[in-house]
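>>> predicted structure and sequence below. I'll ask about it afterward.
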Amino acid sequence: MTAAVETETGSTTTVSAEAAVRLTKVTKTFRDGGAPVLEGIDLSVAPGEFVCLLGASGCGKSTLLNLIADLDKPSGGTVDVPSGRAALMFQESALFPWLSAGANIDLALRLRGRSGKRERRTEAERLLDLVRLRGAYDKRPHQLSGGMRQRVALARALAQDSKVLLMDEPFAALDAITRDVLHEELIRLWETTGLAVVFVTHNVREAVRLGQRVVLLSSRPGRVAHEWHVDIPQPRRVEDKAVADLSVEITDHLRQEISRHGR
Ligand SMILES: Nc1ncnc2c1ncn2[C@@H]1O[C@H](COP(=O)(O)OP(=O)(O)OP(=O)(O)O)[C@@H](O)[C@H]1O
Ligand SMILES: [Mg+2]
């Protein structure tokens, strides 16, 4: 059975003083006078916490992540990332195709202000090792599989040395087995680095497989509709009964959200 505890959030999530990410009454409207995409989002993520953000297509998940990454500004409310800029990883690896895997990571290290070519090379090799891609420094993206490219993208995100890692459906384009392996790797990295992770997905099982907390967004406008604390111990597998049971419960809520908005 699941050991998960469902909590009705209403509009406020517990806000701790030392949150890694804190959103307060965040609203986002893209056009003057247009309907808000996000409305009244109160959400805080603790340091080292793994939160999965779940919601129907178009409900504003990427918009929310972009606000946390400071790529866009809220129309109302505040977004606070006390440790500074968060690292962001996308669905497609978004690697520079003309640069090798190592050079892509090297670029992130240079942007971070790391001088010393040899020192950067050592750090890039260490990061590639961390994502189990030892020896791939000189490989160009087209020479790598989709899963390997996402590993490089993850290493590049880690090169930013942020305390917060934002992931926007990073494994959605991968086959189930590769995704499974990367889930394991991600949990291992999360446990060793102590990063706070905000992981966006519309795959309910993926959210339950990974998150300590699953936050469900409603659509039009995107609001925090529900959240679940997932107390199932790691390592979890998507096939685990506890994961499946909670996924069924969350899917029911997601379906209700989708039907409420005619999607
Ligand atoms: N720059 C923009 N200008 C205008 N509208 C936008 C912009 N970015 C997003 N939107 C709109 O905001 C809504 C939410 O988009 P968003 O990309 O955040 O959804 P999402 O939940 O990430 O969807 P998906 O699961 O399909 O990736 C959509 O209706 C989209 O058309
Ligand atoms: Mg999106």
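Done, it's in. Ligands and ions are numbered 1, 2, ... in the order given.
>>> near ligand 1, which residues of this structure?
When proximity is defined as CB under 6 Å from any ligand atom, the chain approaches ligand 1 at Phe30, Val37, Gly55, Ser57, Gly58, Cys59, Gly60, Lys61, Ser62, Thr63, His202. Bear in mind the C-beta positions are built from the backbone N, C-alpha and C, glycine included.
>>> switch to 5 Å and redo it
Selection of the chain residues close to ligand 1 by CB under 5 Å from any ligand atom yields Phe30, Val37, Ser57, Gly58, Cys59, Gly60, Lys61, Ser62, Thr63.
>>> list buried members of those by neighbour count.
Val37, Cys59, Gly60, Lys61, Ser62, Thr63 (16 or more other CB atoms under 10 Å).
>>> what residue, apart from its backbone neighbours, is nearest the second one spatially?
So the one you mean is Cys59. Spatial nearest neighbour of Cys59, chain neighbours left out: Ser219 (4.0 Å); criterion: CB to CB, 6 or more residues apart in numbering.
>>> test my guess that the one you found contacts Gln256.
No. Using CB atoms under 8 Å, Ser219 is not in contact with Gln256, being 11.1 Å away.
>>> which one of the two has more residues nearby?
A count of neighbours by other CB atoms under 10 Å puts Ser219 above the other of Ser219 and Gln256, at 20 against 14.
>>> secondary structure element holding that one?
For Ser219, there is no enclosing helix or strand under DSSP states H and E.
>>> so what's it up against?
Ser219 sits next to Gly55, Ala56, Gly58, Cys59, Gly60, Glu257, Ile258, Arg260, His261, Arg263 when contact means CB atoms under 8 Å, 6 or more residues apart in numbering.
>>> could you do Lys163 as well?
Lys163 is in contact with Ala20, Pro47, Ser83, Gly84, Ala86, Leu195, Ala196, counting by CB under 8 Å, 6+ apart.
>>> pretty sure the fourth one is in a helix, no?
So that's Gly84. No. Counting by DSSP: H, G, I helix; E, B strand; the rest coil, Gly84 falls outside a helix, being coil.
>>> which parts of stretch 192-202 are buried?
Applying 16+ other CB under 10 Å to stretch 192-202 flags Leu195, Ala196, Val197, Val198, Phe199, Val200, Thr201, His202 as buried.
>>> just how off-centre is that stretch within its chain?
Averaging C-alpha positions (CA atoms, centre = their mean, to the nearest Å) puts stretch 192-202 5 Å from its chain's average.
>>> span of that stretch from start to end?
Stretch 192-202 stretches 26 Å from its first residue to its last (CA to CA, to the nearest Å).
>>> same thing with stretch 223-242?
End-to-end distance (CA to CA), stretch 223-242: 27 Å.
>>> swap in stretch 160-180?
End-to-end for stretch 160-180, by CA to CA: 25 Å.
>>> for the protein, what spans make up the strands?
Taking DSSP state E, the strands of the chain run over residues 5-7, 21-28, 38-45, 50-54, 76-80, 87-89, 164-168, 196-201, 213-217, 224-229.
>>> any idea where the helices of the chain begin and end?
61-68, 101-111, 117-130, 146-159, 176-193, 204-210, 241-260 (DSSP state H).
>>> how about the last one, which residues are buried there?
The neighbour-count criterion (16+ other CB under 10 Å) identifies Ala242, Val243, Leu246, Ser247, Glu249, Ile250, His253, Leu254, Glu257, Ile258 as the buried residues of helix 241-260.
>>> now the closest residue to Thr27 other than its chain neighbours: how far from Arg22?
Distances taken as CB to CB, 6+ apart place Gly76 nearest to Thr27, at 3.9 Å, with adjacent residues excluded. Per CB to CB, to the nearest Å, Gly76 is found 15 Å from Arg22.
>>> perfect, I'm done here.
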